[in-house]
Structures are given as C-alpha cells and as structure tokens.
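Student: need coordinates for the below:
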Amino acid sequence: MIPADHPRAKSLRTRETLVDGFRRNIVAVEGLIAHGRGEAYDYLIGERTSIPSKKAIRAAAASLLTSNKKAVLSVNGNAAALCPKEIVELAEITGAAIEVNLFYRTEQREKAIKAELEKYGAKNVLGVGPAASAKIPELSSERRRVDPTGILVAETVFVPLEDGDRTEALVKMGKAVITVDLNPISRTAKAADITIVDNFIRAIPALVSETRALKGKDEKSLKKIIQKFDNKKNLSRSLKMIRRGF
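Tutor: Have a look, this model is predicted:
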C-alpha cells in the first residue's frame, strides 16, 4: 500500500502498474528497465509538461486529425499497460487504427495487449499473430513485422516509447512520425517529425484533450499548426531547459 502523502506516490503507482502489466504478460521484463531510464529523464525536465511539450502535443493532435483516417497508433507493452483507455480514446477521436508492435514479440503478449485494449473498447486491433505479415525494410528486429493494412500503408504513425531504428526506417518510408520520448537527444526524438518530450502518462491524456479541442477546426487551420512547428527547434528548447535546471 502506497501512502497518499508519499513524495513519490505517483511514480510508485506507475511502477506498480508496470509490474502488474509484467505479471499479466503485457510488459516485457526489459520494459521495466526502459521505464527506469525514462523516469531519470523525467526528473531532468522537472516532472512536468513543459511549454515545448505543449507545442508538440498541439502539432501532434493536428497531424493525427489531418491524416484522413490513414494514421496508426503503434502500441507496445508499456504503452498498453500505462494508458490503454487513453489510447483507445485517441483512436476514436482521430479515426486512427491501433496496431500492436513489439521488440520482444510473442503471440501470447500480442494477444494479452489486444485483450487489454479491447477491455476499453478497442475494435479491430491490428498486428496480432499472422496479421503482422508485412515487413519494414532495413530492420532485422521483430519490430520489422507490421500489418499490411496498418503501419505499412499509414501516412502518419504514432510511435510512443519507440526504438530509434524503427523510427528512422518509418521516416525513410515517407511516413510522418509522432513520438513521445523523454530523452530529447535520442535517435527517435531526432528522427521523428514531432517529438513530445514528456512522460507518457502525462502526454497521452494531454494529447487526447488537445485532439478533442481541435476536432472542430478546419483542415487549413490544422495544417497551419503543423507547418509552424519545428521539431529541431523544439527539441533544442527542451534540451536548454534540462541544461539550466528547468
């Protein structure tokens, strides 16, 4: 039992959520290590959603809304354990598909993640089992396997908590890539078109909220938001915040 007044209560609850996800075969044991690394960067940005992150969230919302239902939300174990409800909400608002994509891939994990998402109302979760029959060029890891009706043909791919090599490969395929990455100098952060430098559990609810707010905007206004966003400059601002102690 975590005391409500514990100074690290929220962080400890997040860790417990991931451990529970591991026990239910959603999270890989390596995902627990990855979370610890990310949490260290969260300390560096002050454990809050910064102004640069808010700008990236707004651009990401606009990008998903202008993808003409050709967007895919790529989901791994950590994402499914931490924010399954919000992932499903984001898909519903934007018309994006949801696809399971794992580095440590087993069909049991894929099915467990699919079931977790379906519990919150997801329909037609892609990339599970034999459905992941296509391959991303230049990748040798299990992340190369994608659904031919999902990531392979998507215009925009949302890849939170991502590996740099797949982000780079998706960009080479001509796709617009949105990510959430607490490390502003990672390969993923630098290769993506829009990088939200924030904790996933803060970024996803904020992205859902921003997408709802922009839903009624005309396409011209949304595209203007995207055009004004400069990922390289935004990452630089995030890095400066870390250097000066936020």
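Student: from now on I want contacts and neighbour counts done on CA atoms only, so please keep to that.
Tutor: OK.
Student: for the residue nearest in space to the middle of the chain, give me its contacts.
Tutor: Nearest to the mean C-alpha position of the chain, by CA atoms, centre = their mean, lies residue 160 at 2.0 Å. Residue 160 makes contacts with 74, 75, 79, 178, 179, 180, 181, 200, as judged by CA atoms under 8 Å, 6 or more residues apart in numbering.
Student: distance of it from residue 199?
Tutor: Separation of residue 160 from residue 199 (CA to CA, to the nearest Å): 10 Å.
Student: which neighbours do these two share?
Tutor: With CA under 8 Å, 6+ apart as the test, residue 160 and residue 199 both reach 180, 181.
Student: now do the strands in this protein.
Tutor: 71-75, 97-100, 134-135, 145-146, 156-158, 176-180, 194-196 (DSSP state E).
Student: same list (the ones you listed) but as CSV, adding mean pLDDT, distance to residue 244 and mean neighbour count.
Tutor: Formatted as CSV, the strands of the chain follow (pLDDT from 0 to 100; distance: least, CA to CA, whole Å; neighbours: other CA atoms under 10 Å):
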stretch, mean pLDDT, distance to residue 244, mean neighbour count
strand 71-75, 97, 33, 27
strand 97-100, 98, 38, 26
strand 134-135, 96, 43, 17
strand 145-146, 95, 41, 26
strand 156-158, 97, 30, 27
strand 176-180, 97, 22, 25
strand 194-196, 98, 19, 32
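Student: mind checking which of these is nearest residue 10?
Tutor: strand 176-180 (19.3 Å; CA to CA).
Student: could you say what helices and strands that closest one packs with?
Tutor: Counting contacts by 3 or more CA pairs under 8 Å, 6 or more residues apart in numbering; DSSP states H and E, strand 176-180 is packed against strand 156-158, helix 164-172, helix 187-191, strand 194-196.
Student: and the angle from it to helix 164-172?
Tutor: 150 degrees (axes from the mean of the first three to the mean of the last three CA atoms, to 10 degrees).
Student: partner strands of strand 176-180 and their direction?
Tutor: Paired strands of strand 176-180, with direction, are strand 156-158 (parallel), strand 194-196 (parallel) (DSSP bridges).
Student: columns distance to residue 239 on top of those strands, output as a markdown table?
Tutor: Below are those laid out as a markdown table (distance: least, CA to CA, whole Å):
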| stretch | distance to residue 239 |
| --- | --- |
| strand 156-158 | 22 |
| strand 194-196 | 12 |
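Student: between those strands, which one is closest to residue 118.
Tutor: Of all these, strand 156-158 comes closest under CA to CA, at 18.9 Å.
Student: which residues in this structure form helices?
Tutor: For the chain, the helices defined by DSSP state H cover 9-23, 29-44, 51-65, 77-82, 84-94, 107-119, 164-172, 187-191, 200-214, 219-228, 231-243.
Student: I'd like the average pLDDT over the third one.
Tutor: Translated: helix 51-65. For helix 51-65, the mean pLDDT works out to 97.
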